[in-house]
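Peer 1: Quick one, fold the following:
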Amino acid sequence: MATGYGSSTVALEKMLKMQESMYGPTSVQAAAAAHKLASSLVEQGAFDRAEPLLRRALHIYSNEKSPDPAKAAAVQAVLDQTMAGLNKEDGDSLEKLTVSSDHIPTFLPSDQALRQPQAESKTHLTPVEILANEIIELRKSGKPSQAMAEALVKLAGLYNEQSKLDKMEPLLKEALQIRESLDGSSHLSVSTDLKNLGRLLYFMARYDEAEGYLKRALNIRQKELGEFHPYVADVAEWYARVLRKSSRPEEAMAMEALVRDSRSKFGSEWEHYKAAAVKASERENYFLAQALWLAALDEAKDYRSDDPRLSLTLESLAEVYWKQLKYDKAEPLCKRLLQIWESVLGPDHADVAVAANNLAMLCERQGKHVESALLYQQVLGINEKLLGPNHPDVENIRQSWSKARQLAQKQVELKVARAEASAHHNDGADGSGGQRT
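Peer 2: Alright, predicted model coming up:
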């Protein structure tokens, strides 16, 4: 399915918005614009985007005072083509099943890894075995932890890649129980676990169970983030699929309208900049990617601090700067990211540790060893709580902190020596020899 859209599609999207504004969202003019936009999307293979537009147009035409059969037939023909396309590309293909963490990605340096894999490679363990062993170690504490929940979700993700859905379900349910016990049943992190289970059960054709999880996830996100939000649309899109599988088209259309309204209210320019920037980075055209992420950041300037688009923009632009060795430009972006995650998630969250570690590496590369040592100390404190003092990642961080402390000490001693030398030079220059009269 196509992921990028041409300039003609963008123009048609603007035309639809204009017709909705001038004549109303249920007008025949809006229906005609939706029909044209959907036809353009079908030509590009974007069948999932086209379907709700066509059903909306068909509903409008069918409910006119004097229905025009020709208009309805034209829309129905494109809708039939769309549904055939969806079936052809396997709308229920497991390729569409993913396991979400909704976390910021780790900002890895280009020439080193945060976690050294030597010990693991010697034992020739598979990724599944490595995670399973990590979970065994975490269970020994006898207490639920965020680290345990994250490990369970990651292991479910690995089983997803192997299409072992039956092994995913108990892992995701345990992760949900842990998160509920630690964060409360209405926390945003719980909504992500609910979404994971809802999507899994959808692909297992257990639609009634899937609906319960997705409905609960949707309620949590609307309560915490408002009715219209990208995270709300993310869940509503899957909820609509479940409703269609349950032969409830009217409810599905209402849910699809929520998805459409949520995404339109949050604007589409950012999405276009993001898609183009990702492609530029994949081609290693970092200069273009930098310009596009800067444009996306300008679009995101008025977003709430907890909006995932803002954090993704900051992190992606910082990574582009990192790859161009522009550490001074990446630093303020990572500082802002750290402030956002501390405010949104709390000081002891795993994502706060990731953001602090990213910033520590940037400071280290710029010779700001005092700042780097303080940040590594923050990372170490968080990960010792989450993973325990003997975890391999914690040991790596401890080594980075120790190195940064040594360099910081040398840096401070050098500054003191220079200050003393400068003071001695000034005393000699005024002829007093350092003596007062």
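
Peer 1: Report the separation between Gln81 and Ala57.
Peer 2: Distance, Gln81 to Ala57, using CB to CB, to the nearest Å: 14 Å. Yep, even glycine has a C-beta here, placed from its N, CA and C like the rest.

Peer 1: So which of these two has more stuff around it?
Peer 2: Ala57 (27 against 16; other CB atoms under 10 Å).

Peer 1: List the residues that contact that one.
Peer 2: 31-32, 34-35, 38, 75 (CB atoms under 8 Å, 6 or more residues apart in numbering).

Peer 1: Can you classify it by secondary structure?
Peer 2: helix (DSSP: H, G, I helix; E, B strand; the rest coil).

Peer 1: Leu310 versus that one, what's the distance?
Peer 2: 34 Å.

Peer 1: what does whichever strand or helix holds Gln19 contact?
Peer 2: Here Gln19, judged by DSSP states H and E, is contained in helix 7-23. Residues outside helix 7-23 that contact it (CB under 8 Å, 6+ apart): 27, 29-30, 32-34, 36-37, 40-41, 44, 264, 268, 272.

Peer 1: Look up the closest residue to Val352, ignoring the ones flanking it.
Peer 2: Take Val352 and drop its neighbours on the chain: the residue closest to it by CB to CB, 6 or more residues apart in numbering is Trp341, 4.8 Å away.

Peer 1: so that neighbour makes contact with Ala353?
Peer 2: No: if you go by CB atoms under 8 Å, Trp341 and Ala353 don't touch, sitting 9.2 Å apart.

Peer 1: any weak-confidence spans in the stretch 1-150 of the chain?
Peer 2: For the stretch 1-150 of the chain, the stretches with pLDDT under 70 are 1-9, 84-123.

Peer 1: one more time with 80
Peer 2: 1-11, 13-14, 17-25, 44-49, 62-69, 80, 82-125 (pLDDT under 80).

Peer 1: returning to what we had before: report pLDDT for the residue nearest to Val352.
Peer 2: At Trp341, the pLDDT value in this model is 87.

Peer 1: Let me see the contact set for it.
Peer 2: 104, 311, 349, 351-352, 355.

Peer 1: Give me the subset of the residues you listed lying in helices.
Peer 2: Assigned to helices by DSSP state H, the following of the contacts of Trp341 qualify: 311, 351-352, 355.

Peer 1: Can you flag the buried ones in the residues you listed?
Peer 2: 311, 351-352, 355 (16 or more other CB atoms under 10 Å).

Peer 1: May I see those residues arranged in JSON lines, with distance to Leu214 and pLDDT as well?
Peer 2: Supplementary listing: these in JSON lines, determined by distance: CB to CB, whole Å; pLDDT from 0 to 100:
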{"residue": "Ser311", "distance to Leu214": "24", "pLDDT": "87"}
{"residue": "Asp351", "distance to Leu214": "24", "pLDDT": "83"}
{"residue": "Val352", "distance to Leu214": "29", "pLDDT": "88"}
{"residue": "Ala355", "distance to Leu214": "30", "pLDDT": "89"}
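
Peer 1: if we can go back for a sec, tell me which residues in the helix holding Gln19 are buried?
Peer 2: Neighbour counts over helix 7-23 (16+ other CB under 10 Å) mark 9, 12-13, 15-16, 19-20 as buried.

Peer 1: How far off centre is stretch 292-311?
Peer 2: In terms of CA atoms, centre = their mean, to the nearest Å, the centre of stretch 292-311 is found 13 Å from the chain centre.

Peer 1: With that, I have no additional questions.
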